[in-house]
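> When you get a sec, could you give me coordinates for this:
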Amino acid sequence: MSLPQLDHFNYPHTLEETTGPALACFTSPACGSCKAFRSALEKFTGLWTDVSVFEVDAQMNPALVNELGFFHLPALYLYNNGEFHCELQPQPSVESIRRSIDKALGETKFDVRGLPGR
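As a prediction, the model looks like this:
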């Protein structure tokens, strides 16, 4: 399963029109940490349907990267109801991503018992 892709043309419009929480993950094909995050986010989307997840190829969208002004990959931005909320820095695991979202939004939806294999 691949994540829906955003670029500098559809990034702002797509996120502004997304209801509820949304993650925008900036990655690069040559980035090892990005591959780990991409894998975790793909698993995350299968378990948690209340959060929209998008990927942006930073290498293909340098103008957007410069506009947002970040310096490291992967970069994970949380939006809520179309507005930027914060940058997240979780570990590349489903559990850590969920906890980071819940903490940032002041919610408690994460329950490890609900994950497969638990």
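> I'd like the next helix or strand past the lowest-mean-pLDDT helix or strand in the chain.
Of all helical and strand segments in the chain, the minimum by mean pLDDT, DSSP states H and E falls on helix 62-68, at a mean of 93. As assigned by DSSP states H and E, the chain's next helix or strand after helix 62-68 is strand 75-80.
> Which elements pack onto that following strand?
Strand 75-80 sits against strand 21-27, strand 83-88, helix 94-105, with contacts defined as 3 or more C-beta pairs under 8 Å, 6 or more residues apart in numbering; DSSP states H and E. (C-beta placed from N, C-alpha, C; glycine too.)
> if we compare those, which one ends up closest to Val51?
Each of those has some distance to Val51 by C-beta to C-beta; the shortest is strand 21-27, at 4.6 Å.
> which outside residues touch that closest one?
Strand 21-27 has contacts (C-beta atoms under 8 Å, 6 or more residues apart in numbering) with 3, 6, 11, 15, 34-35, 37-38, 41, 50-58, 65, 68, 70, 73-80, 85, 88, 97, 101, 105.
> ok, back up a step: would a markdown table of the helices and strands packed on strand 75-80 with distance to Gly46, mean neighbour count and mean pLDDT be doable?
Written out in a markdown table, the entries for the helices and strands packed on strand 75-80 read as follows (distance: least, C-beta to C-beta, whole Å; neighbours: other C-beta atoms under 10 Å; pLDDT from 0 to 100):
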| stretch | distance to Gly46 | mean neighbour count | mean pLDDT |
| --- | --- | --- | --- |
| strand 21-27 | 14 | 22 | 97 |
| strand 83-88 | 19 | 14 | 95 |
| helix 94-105 | 9 | 18 | 96 |
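> Kindly reformat the ones you listed as CSV containing distance to Thr45.
Putting the helices and strands packed on strand 75-80 into CSV (distance: least, C-beta to C-beta, whole Å) gives the following:
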stretch, distance to Thr45
strand 21-27, 9
strand 83-88, 15
helix 94-105, 10
